[in-house]
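Asker: no sequence for this one, just the structure:
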């Protein structure tokens, strides 16, 4: 039967790219399907405002943002406060840099004479904003009018940027209000429900909304994987680029050594460049990359190089302002941690590079955050096993000294009056200054002291970490106690202060990376997008890894001939779907997605893999029951059903305890399933996608 391409677009909406027709989200439909679609359009109610969402990526991302933001009031309030926070930080930086005369302030605080008078610092009528006998005040807002030209330029750019962002936020409020209506009227989720409802339930409501309102008119149904791919389309490509080492952010600097350069400004710049050169206005890959000639591929790589260099120059111009702003935010963010001596200033977390390395495909943000939170404790225990005994002994000793010194000064200040805190403990520093500095070092020392009850077993702890991070390279196996593995993992799970220093180095190095390094990788990046893109019916272009090796993404990919039954992947797609066996990235991603969405029905290839995974466990294991119906043996399924039935009739504390026990059982089941993937004899997820030759854009062009 003759087939032709139907392009879905809004007549009055301008396409933001240069080729209007080729950049639209399209589907490959036969004549009967087109006639049926036309009938549906005629029969559709004209008042259905939710039918045929033109940009489904943007729509579903708004849905997810509204879910994470917990409702209209929280989102709008948070937006206003975020903009006010940025304004406050900028004001503080401006005030400290230009409104304070530090020599004059030092002279007044030191009782230095001014003419025939002596300034008394403890006079209650005295203000640091009051002028001296020469008419000069240590602090004066009037100095803002005397800013140098460079400061005026930076301040003007900041005000324009802040005003632009604030106007965009104001204009986005009606969209947030629209999402409130959608959640209330279509998904039947009130603001109270939104505080506790799970994302899997929201996905089921969205699937029902698709059937009732036809949010996407090119297909009748959307499942959990389709909706998640709309939300994480670009994220999946970025995960693949990092894990396939197409984008390498590791750089060596003189004296500083090897660092991962991935500041927030560089991430935003990459997203902007990909939006212009790789994706069209509907988040699909440009047709010139997918089905174009070798010359087209080279042209798109040249365009990507051009955008990289543009952002490199822009980052160079904005680097000083970004550097100062990030420093101020870090100081303000951790000032309370220093005051409370919680030790978080010396705490660790997963670095920005690790977040891209460890994130699974089709994993939404809050599931990823939850997984890293579960892996924090074993990761810290693993790192603490390698802490230097000499450092720990010295940290304990300094903690006792600093704690005693701090407590002594504080007790004396309580016994005496407040003038004690203003008195000079040393010739140049007051008691208050020494209290602050001792508090800072006390917090750092406490963060360096490991748990005394920690048992040295690196292999066990690393295995516990891998169960949550889903990352256990082959080079680490059997070498968990070696300095090599410790150093590698230490770069992924590092001090917050180190992350801050990397961010600062990255801000200064980002212009160099964008202008000189990334343009040389443009050919490989474009080739990767061409070779690892699958066109799924109703969803559009997605990263091939995000389909978990599915062989049924729909018959909508443009085939070379009529009646071609390939049409599953774009021309140029290759069959190296799985990651190298030691990582099992795609297998972990599939398992993680199924555990988070038990109602999801996977395709044949994925179901076969999950069945093999369940069969590889002991017969009496009930872990496969966590995957849902059809993946557990009779005994495990019966035990799982009995456990659910036992919840009926429970109330109060007993039911709460049952829920906690159920969550613990679910975590244990997930750990057992992911543990099976870490074994050498684990099942493999095989792809049923047909291989096609790839056109490679080489640097020789």
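Answerer: That came through fine. No experiment lies behind these values; they were computed from the predicted model shown.
Asker: every contact and neighbour count from this point should use C-alpha atoms.
Answerer: OK.
Asker: what about the strands in this protein?
Answerer: Here the chain has its strands, by DSSP state E, at 3-7, 26-30, 113-114, 117-118, 250-253, 257-260, 348-350, 493-495, 533-536, 540-543.
Asker: low-confidence stretches in this protein?
Answerer: Across the chain, the ranges flagged by pLDDT under 70 are 1-47, 109-126, 132-134, 256, 334-346, 549-583, 619-665, 669, 680-701.
Asker: give me the helices and strands touching the lengthiest helix in the chain, please.
Answerer: The residue-count maximum for a helix in the chain (DSSP state H) belongs to helix 294-340. If contacts are counted by 3 or more C-alpha pairs under 8 Å, 6 or more residues apart in numbering; DSSP states H and E, helix 294-340 sits against helix 72-98, helix 264-277, helix 287-290, helix 431-447, helix 496-512, helix 522-531.
Asker: what residues does the second one touch?
Answerer: If you take C-alpha atoms under 8 Å, 6 or more residues apart in numbering as the criterion, helix 264-277 is touched by 283, 300, 303-304, 307-308, 311, 315, 503, 506-507, 510, 514.
Asker: how much does it deviate in direction from helix 294-340?
Answerer: If you take axes from the mean of the first three to the mean of the last three C-alpha atoms, to 10 degrees, helix 264-277 sits at 150 degrees to helix 294-340.
Asker: report the buried residues of helix 264-277.
Answerer: Buried residues in helix 264-277, counted by 16 or more other C-alpha atoms under 10 Å: 265-266, 269-270, 273-277.
Asker: now do it against helix 496-512, angle only.
Answerer: 40 degrees.
Asker: centre of the chain to helix 264-277, how far?
Answerer: Put simply, helix 264-277 sits 14 Å off its chain's centre (C-alpha atoms, centre = their mean, to the nearest Å).
Asker: all numbers from here: first residue = 2
Answerer: Done: numbering now begins at 2, and the last item shifts to helix 265-278.
Asker: got the angle between it and helix 523-532?
Answerer: Angle, helix 265-278 to helix 523-532, by the same axes, to 10 degrees: 60 degrees.
Asker: do you know how far residue 607 is from residue 205?
Answerer: Using C-alpha to C-alpha, to the nearest Å, residue 607 is found at 20 Å from residue 205.
Asker: who has more neighbours out of those two?
Answerer: A direct count of neighbours by other C-alpha atoms under 10 Å for residue 607 and residue 205 places residue 607 higher, at 23 against 18.
Asker: wait, that one sits on residue 588?
Answerer: No. In this structure, residue 607 is not within contact of residue 588 by C-alpha atoms under 8 Å, at 9.1 Å.
Asker: once you drop chain neighbours, what's closest to residue 536?
Answerer: Counting by C-alpha to C-alpha, 6 or more residues apart in numbering, residue 536 lies nearest to residue 542, which is 4.4 Å off, once chain neighbours are set aside.
Asker: list the residues that contact the one you found.
Answerer: Contacts of residue 542 (C-alpha under 8 Å, 6+ apart): 284-286, 534-536.
Asker: which of these are buried? Put it as a ChimeraX command.
Answerer: In ChimeraX, this line selects whichever of the contacts of residue 542 come out buried by 16+ other C-alpha under 10 Å:
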select :284,285,286,534,535,536
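Asker: which of the contacts of residue 542 lies closest to residue 323?
Answerer: residue 284 (28.6 Å; C-alpha to C-alpha).
Asker: does that closest one touch residue 58 like I think?
Answerer: Yes. Counting by C-alpha under 8 Å, residue 284 does reach residue 58; the two are 7.0 Å apart.
Asker: shared neighbours, the two?
Answerer: Shared contacts of residue 284 and residue 58 (C-alpha under 8 Å, 6+ apart): residue 234.
Asker: am I right that residue 71 is in contact with residue 192?
Answerer: Yes. If you go by C-alpha under 8 Å, residue 71 and residue 192 touch, sitting 7.4 Å apart.
Asker: compile the contacts of residue 542 into a markdown table and extend it with columns for distance to residue 159.
Answerer: As requested, the contacts of residue 542 are exported to a markdown table (distance: C-alpha to C-alpha, whole Å):
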| residue | distance to residue 159 |
| --- | --- |
| 284 | 30 |
| 285 | 33 |
| 286 | 33 |
| 534 | 39 |
| 535 | 41 |
| 536 | 41 |
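Asker: pick out the most distant pair among the contacts of residue 542.
Answerer: Spatially, the most separated pair among those is 284 and 535, at 13.3 Å (C-alpha to C-alpha).
Asker: quick revisit: so which of the helices and strands packed on helix 295-341 comes closest to residue 403?
Answerer: Of these, nearest to residue 403 by C-alpha to C-alpha is helix 432-448, at 5.9 Å.
Asker: which strands and helices lie in contact with the closest one?
Answerer: Under the contact criterion of 3+ C-alpha pairs under 8 Å, 6+ apart, helix 432-448 touches helix 295-341, helix 390-416, helix 420-423.
Asker: what residues does stretch 144-163 touch?
Answerer: Stretch 144-163 is contacted by residues 84, 88, 99-100, 322 when judged by C-alpha under 8 Å, 6+ apart.
Asker: what about residue 218, how many residues nearby?
Answerer: Other residues close to residue 218 by other C-alpha under 10 Å number 19.
Asker: over to residue 246?
Answerer: Residues within reach of residue 246, counting by other C-alpha under 10 Å, total 11.
Asker: now it. Its backbone dihedrals?
Answerer: phi 60, psi 20 (degrees, to the nearest 10).
Asker: any figure for the gap between it and residue 525?
Answerer: Counting by C-alpha to C-alpha - residue 246 and residue 525 are separated by 10 Å.
Asker: same check on residue 149?
Answerer: From residue 149 to residue 525 the distance is 45 Å (C-alpha to C-alpha).
Asker: same check, this time on residue 461
Answerer: 38 Å.
Asker: neighbours around residue 409, how many?
Answerer: Around residue 409 there are 13 other residues, counting by other C-alpha under 10 Å.
Asker: let me redo that: residue 384
Answerer: 20.
Asker: ok, now residue 251?
Answerer: Number of residues near residue 251 (other C-alpha under 10 Å) recorded here: 11.
Asker: again with residue 94
Answerer: Applying other C-alpha under 10 Å, we find 15 other residues in the vicinity of residue 94.
Asker: ok, now which ones touch it?
Answerer: 325-326, 329.
Asker: run the last query once more with 10 Å
Answerer: By C-alpha atoms under 10 Å, 6 or more residues apart in numbering, the contact list for residue 94 reads 100, 325-326, 328-329.
Asker: now, of the residues you listed, which are buried?
Answerer: 100, 328.
Asker: still on that earlier bit, need the contacts of stretch 144-163 in TSV with distance to residue 603, can you?
Answerer: Shown next, in TSV, are these (distance: C-alpha to C-alpha, whole Å):
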residue	distance to residue 603
84	43
88	48
99	62
100	63
322	49
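Asker: just the residues you listed now: which is nearest residue 674?
Answerer: residue 84 (43.9 Å).
Asker: ok, the closest residue to that closest one other than its chain neighbours to residue 474 distance?
Answerer: Leaving aside its chain neighbours, residue 84 sits nearest to residue 167 (6.9 Å; criterion: C-alpha to C-alpha, 6+ apart). Distance, residue 167 to residue 474, by C-alpha to C-alpha: 44 Å.
Asker: same question for residue 676.
Answerer: To residue 474, residue 676 is 14 Å away according to C-alpha to C-alpha.
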